[in-house]
Structure formats: C-alpha cells, structure tokens
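Visitor: With the sequence up front, the predicted model follows.
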Amino acid sequence: MIRIKNLHKKFGDLEVLKGIDLEVKKGQAVVVIGPSGSGKTTFLRCLNILETPSAGVISIDEQSVDFAKPVPKKKVNAFRKQSAMVFQHYNLFPHMTALENVMEGPVTVQGQDKAAARKKAEQLLAKVGLGDKVNEYPFQLSGGQQQRVGIARALALEPKVMLFDEPTSALDPELVGEVLQVMKDLASEGMTMVVVTHEMRFAKGVADEVLFMDGGHIIERGKPEDIFGHPKEARTQQFLNLIQKTDVI
Amino acid sequence: MMKFPKDGSAKMYLNSIFSDPVRMERLVDISQTSWLPLLEGLIQFTVPLSIISFIIGLILAVLTALARISTIKILQVIARIYVSIIRGTPLLVQLFILFYGLPSLGVTIDPFPAAVIGFSLNVGAYASEVIRASILSIPKGQWEAADTIGMTYVQSLRRIILPQAARVSVPPLSNTFISLVKDTSLASLILVTEMFRIAQQIAATNYEFLLLYGQAALIYWVVCFLLSVGQGRLENRFDRYVSR
C-alpha cells in the first residue's frame, strides 16, 4: 500500500530525514516510536506532503511521487487524497460544528451531495462515540472528543491510509483511552495506518510492526514483541529503558 | 489662537436667544426646516457613498492583504507601494487630485464617482493591514488541516481562513467604517451634496453656522452610534463558536 524509497528531508542545512525506506502492506498498522527530534513527525508529514521531501519517492497504492524535481500542485492534491491526517492538536475548524467539520471535506472538496454527506458524517460521528455531539462546536468538547471528531473528519474522506501524528500527546491522561480505542477499532477493521506515538501500550497491543527512528534513520523495525522484548540495537534499548523508567516514576 | 470675547458677548448671545422670543422662533424655524434637507443629504449621498466605498474597499483590502502575504515578490511590492502612497498622503489631497487634478490630464470624473474612488482606495489600504493581521493570526494548523482534506488555496481561504479572520477583524474594521462615514464629509469639498455640504449651503443663507453644523454633528453621531450597536451584535454572532 505504501512504498517509500530513499526519502530525504532538509530544513536549510539541517537534514532531518537521511534516507528512509519503508514498505507498508494493506491493512497493516505501523507504529513509529523514537526520541523527540528523531524525525518521526517530519516523516509522517512527508507522507501527506505537508512537508515537501528534498528527495526520494513515495507511492501510495497506485500513485507515485518523485521529489527529485518540483511536484506540480495538482499532483500534490491528487496524491493527498489517498491519505488523511490526524493531528496532535486536532486542528478542528472552530467555526464549524462537529458535523460540519466532518462534512467539510466530502462536500467542499469532493463535491458530494449535502444530504448524503450529512448522513455519512452522522454515522461516522456515531462510530467514534459522538452521536450525541453532532451539533456542538469544538470549544464545547473535551480534548478526547475533539480528537475523535478529528478522526471522523479524516475518515469521511475515505482515505486508503490514515496518518496519526501523536494523536494522544495533547490529551489529559484520562482521555487517552477513548481515542486509542477508536484507533484500535480502526486497525481491527483493516485500515492501513501509520501512527507516530508515545503510547507504548498501544504499540504493543495494536501494531503489526514497530519502527524505531533516531537521528533521521530507521534504526530498527520488527514485530512489537521483538522490539519491546529483545531489541537488537543499543539505541533502541537505551530509548526503551528511558521510557520504562519514566513509566515507573 | 482662540479669541474669547472680553465683553461677555458669548453670554449676551445666549441671553439674547433665550430672552428674545423672535430670535428663538427664528432658530426653531430654521432648525425645523433644515432637518429634512440634511437627512436627504444623508440618505442620498452620505450613506450610499459610505456603503459602496466600504464594500469596494474591503474587496481591495482582501486582495491587497493576500498580495502582501503571497510568496510572489512582484505582488508584494505592488501592494506595499499602494498602501504606502495611500497612507502617506492626506485623504483630502487624494480627493482633490482625483476631482480637480485629473482633468488636467483630460480625465474628468463626476463628484460622486470621484469620491467613491477616493474613499475606496483609502479603505482598501487601511483595511488591508487589518485583514493581513487577521489572516496571520489564524494558526498554521488550520491551513494544514485544510490542506490534508484536499482543499485548494481558494477553498482554504473561503471556507476556513477568512471566516475565522472575519471574527478577528470585526472591531478594527468597524473603526474603519465609522471613520469612513465621518470622512465622507470631506466629499463636500469636491462638490458632492452630501449632508455636510447641505449644512454649509443652508448656513450660508442664514448665517446660523453653530445651529446647522451642530445639527449635522448630531446626525453623524446618531449614525455612528447605530453602527457601534451593529458592531456589538456582529461580535456576538461571531462569538458563538468561541468559549468566553
């Protein structure tokens, strides 16, 4: 479903991604972990071309983009339609209700009929457990509810791939579970997902594959039980030790 | 320098009004007969001039603001020069150039269109700064969210950015509009028969300057008061989606 070849990203002189290769099969949930500054968020944003890679090739399903030369805007937009992004800070549209947030993509971008889009949006909101909040504005919702609207908004576009950028990092601890549950359900329905997260329990429980990134490289990848159970690389061990320590504190 | 009459003539003036029934009657008479022409000037010219100029000015302002924040250098430069010229020269001078100056180049514009052009250009320049600041105040994440759901630049602006920027713009743009309403009195100097010009014309026949200009001032104030009320309502409407 996703194929990435030799992906590089530079911000000025700073090289954040130093050649990423990756393949994700249809229906797989891939979790990316790593210390802050390791390039994992930049990597995810490249998949949606929110950051334009400096070099490399990204393919999602049948579409492929080579960043060796400038990519025309039309192609960027067409490519984006295959994936949908869930943000750390939700980025809901504050001037629209939950329902309008979810309808916006299908109606404005895909030109769907309003009544049909409304019906679908209502179903999606019910699916993420917000059937009774359709007419609330984002400021009236808790962080966890807002993030679930964010997920529904992304799903409304019927993407082939869902991208999650630290979806629970901005949430109060007691609200993390409701968002993870929605993501878990999605994974079990066979949605192809790439998730950047610090939630190790989610990685252990849901991921088909875990990637450990550091310094712009993928250092290690494998099944969650292998990465968490017996990491091969010293840096992975170090990182996991640190995380487990803070878990105890 | 201001001169205060030492002989107490100001006091005498007031006394003469209140103690002289004939003079009192004359003033009441003039006042009564001048309300209607003043209001006519208001409805016929002051209000349309304000509304038309504000609408055209806002469109100019949005375009100018977008040019300023675009990545295209030449657009930025054009927008900057436009704003600089309009803000750097007096409104009255601009109106005089349009109405009295341009005929030297063979371009003759009637008073009302000349005033519309002048005021629109003015609003465009000043409001562009307001709108630019409002657009920049919208978090980057809103653009990104619009991007990821596949919106084009124009769709992002129309659906996501401008509706939010509009909320931030209401107080400063209300300032601009209220200023504009009062500034339209300058159009009297390029022969637009708006309210203040009518006040001048009436006062020229009966020399009751204080009365006529006072009446005009009162009407301006009432109009601007109503606009402030409108501003409050608009703010409430926009605030329905923010916590307070």
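Guide: Cool, the structure landed.
Visitor: Which neighbouring elements make contact with the longest helix along chain B?
Guide: Ranked by residue count and defined by DSSP state H, the top helix of chain B is helix B:209-238. Judged by 3 or more CB pairs under 8 Å, 6 or more residues apart in numbering or on different chains; DSSP states H and E, helix B:209-238 is in contact with helix B:21-41, helix B:162-183, helix B:195-206. The way it works is simple: take the backbone N, C-alpha and C, and place the C-beta from them, glycine included.
Visitor: right, and those - which one's nearest chain A?
Guide: With respect to chain A, and counting by CB to the nearest CB, the nearest of the helices and strands packed on helix B:209-238 is helix B:162-183 at 5.1 Å.
Visitor: which other helices and strands contact that closest one?
Guide: Using 3+ CB pairs under 8 Å, 6+ apart: helix B:162-183 touches helix B:47-69, helix B:111-137, helix B:209-238.
Visitor: Okay, angle between the longest one and helix B:162-183 too, please.
Guide: Right, the one you point to is helix B:209-238. 170 degrees (axes from the mean of the first three to the mean of the last three CA atoms, to 10 degrees).
Visitor: With the shortest one instead?
Guide: Counting by the same axes, to 10 degrees, helix B:47-69 lies at 130 degrees to helix B:162-183.
Visitor: Quick check: which helices or strands does helix B:47-69 pack against?
Guide: helix B:73-88, helix B:111-137, helix B:162-183.
Visitor: Could I get the buried residue list for it?
Guide: By 16 or more other CB atoms under 10 Å in any protein chain shown, the buried positions in helix B:47-69 come out as B:47, B:49-50, B:52-54, B:56-58, B:60-62, B:64-68.
Visitor: ditto for stretch B:153-160
Guide: By 16+ other CB under 10 Å, the buried positions in stretch B:153-160 come out as B:Gln155, B:Ser156, B:Leu157, B:Arg159, B:Ile160.
Visitor: Which members of those residues additionally contact chain A?
Guide: B:Gln155, B:Arg159, B:Ile160 (CB under 8 Å from any CB of the partner chain).
Visitor: can you put the residues you listed in CSV and add secondary structure?
Guide: Converted to CSV, those look like this (DSSP: H, G, I helix; E, B strand; the rest coil):
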residue, secondary structure
B:Gln155, helix
B:Arg159, helix
B:Ile160, helix
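Visitor: Show me what from chain A comes close to chain B.
Guide: A:48, A:50, A:77, A:80-81, A:83-85, A:87, A:89, A:91-96, A:104-105, A:108-110, A:137-140, A:153-154, A:157.
Visitor: if we can go back for a sec, Serialize the buried residues of stretch B:153-160 to a markdown table and add fields for pLDDT.
Guide: Formatted as a markdown table, these follow (pLDDT from 0 to 100):
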| residue | pLDDT |
| --- | --- |
| B:Gln155 | 95 |
| B:Ser156 | 96 |
| B:Leu157 | 95 |
| B:Arg159 | 96 |
| B:Ile160 | 96 |
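Visitor: Beta-bridge partners for A:Val86, please?
Guide: Listed by DSSP bridges, the beta-bridge partners for A:Val86 are A:Phe164.
Visitor: before we move on, which element is the residue nearest to A:Phe202 when sequence neighbours are not counted in?
Guide: Counting by CB to CB, 6 or more residues apart in numbering or on different chains, the nearest residue to A:Phe202 once its immediate chain neighbours are dropped is A:Leu180, at 5.2 Å. Element membership for A:Leu180, per DSSP states H and E: helix A:173-188.
Visitor: on contacts alone, who are the packing partners of that helix?
Guide: Judged by 3+ CB pairs under 8 Å, 6+ apart, helix A:173-188 is in contact with helix A:143-155, strand A:192-196, helix A:200-206.
Visitor: hmm, back to that, as a markdown table, the helices and strands packed on helix B:209-238 with mean neighbour count and distance to B:Asn122 would be great.
Guide: Output for the helices and strands packed on helix B:209-238, formatted as a markdown table (neighbours: other CB atoms under 10 Å in any protein chain shown; distance: least, CB to CB, whole Å):
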| stretch | mean neighbour count | distance to B:Asn122 |
| --- | --- | --- |
| helix B:21-41 | 13 | 21 |
| helix B:162-183 | 18 | 8 |
| helix B:195-206 | 19 | 17 |
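Visitor: Throw these into a markdown table and include mean pLDDT, thanks.
Guide: Below are the helices and strands packed on helix B:209-238 laid out as a markdown table (pLDDT from 0 to 100):
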| stretch | mean pLDDT |
| --- | --- |
| helix B:21-41 | 90 |
| helix B:162-183 | 95 |
| helix B:195-206 | 94 |
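Visitor: Let me have those in JSON lines, extended by distance to B:Asn15.
Guide: What follows is those, written out as JSON lines (distance: least, CB to CB, whole Å):
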{"stretch": "helix B:21-41", "distance to B:Asn15": "10"}
{"stretch": "helix B:162-183", "distance to B:Asn15": "33"}
{"stretch": "helix B:195-206", "distance to B:Asn15": "20"}
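Visitor: Tell me which of those helices approaches A:Arg3 most closely.
Guide: The closest of the helices and strands packed on helix B:209-238 to A:Arg3 is helix B:162-183. By CB to CB, the value is 37.6 Å.
Visitor: What lies in contact with that closest one?
Guide: Residues from elsewhere that reach helix B:162-183 (CB atoms under 8 Å, 6 or more residues apart in numbering or on different chains): A:94-95, B:46, B:50, B:53-54, B:57-58, B:62, B:91, B:119, B:122-123, B:126-127, B:130-131, B:133-135, B:137-138, B:142, B:220, B:223-224, B:227-228, B:230-231, B:234-235, B:238-239, B:242.
Visitor: Narrow the residues you listed to just the buried residues.
Guide: Among the contacts of helix B:162-183, the ones that count as buried (16+ other CB under 10 Å) are A:94-95, B:46, B:50, B:53-54, B:57-58, B:62, B:91, B:119, B:122-123, B:126-127, B:130-131, B:134-135, B:138, B:142, B:220, B:223-224, B:231, B:234, B:238.
Visitor: For the residue minimising distance to the centre of chain B, which non-adjacent residue is spatially closest?
Guide: Most central in chain B under CA atoms, centre = their mean is B:Leu180, positioned 0.7 Å from the mean C-alpha point. Distances taken as CB to CB, 6+ apart place B:Ser50 nearest to B:Leu180, at 5.5 Å, with adjacent residues excluded.
Visitor: Next up, the contacts around the one you found.
Guide: B:Phe119, B:Phe177, B:Leu180, B:Val181, B:Thr184.
Visitor: how close does the first one get to B:Ser228?
Guide: Between B:Phe119 and B:Ser228 the distance is 20 Å, computed by CB to CB, to the nearest Å.
Visitor: Check the gap between B:Ser188 and A:Phe212 for me.
Guide: B:Ser188 sits 76 Å away from A:Phe212, going by CB to CB.
Visitor: neighbour count winner among the two?
Guide: A:Phe212 (25 against 22; other CB atoms under 10 Å in any protein chain shown).
Visitor: Other residues contacting the host helix or strand of that one?
Guide: Using DSSP H and E, A:Phe212 maps to strand A:209-214. Strand A:209-214 is contacted from outside by A:22, A:24, A:28-35, A:38-40, A:43, A:203, A:218-224, A:227-228, A:231, A:233, A:235-236, A:239, using CB under 8 Å, 6+ apart.
Visitor: Figure out how far it is from the centre of its chain.
Guide: Relative to its chain's centre, strand A:209-214 lies at 14 Å (CA atoms, centre = their mean, to the nearest Å).
Visitor: Within its sheet, name the partner strands of whichever helix or strand comes after that strand and how each one runs.
Guide: Counting by DSSP H and E, the next helix or strand C-terminal to strand A:209-214 is strand A:217-222. Taking DSSP bridges as the criterion, strand A:217-222 sits next to strand A:209-214 (antiparallel) in its sheet.
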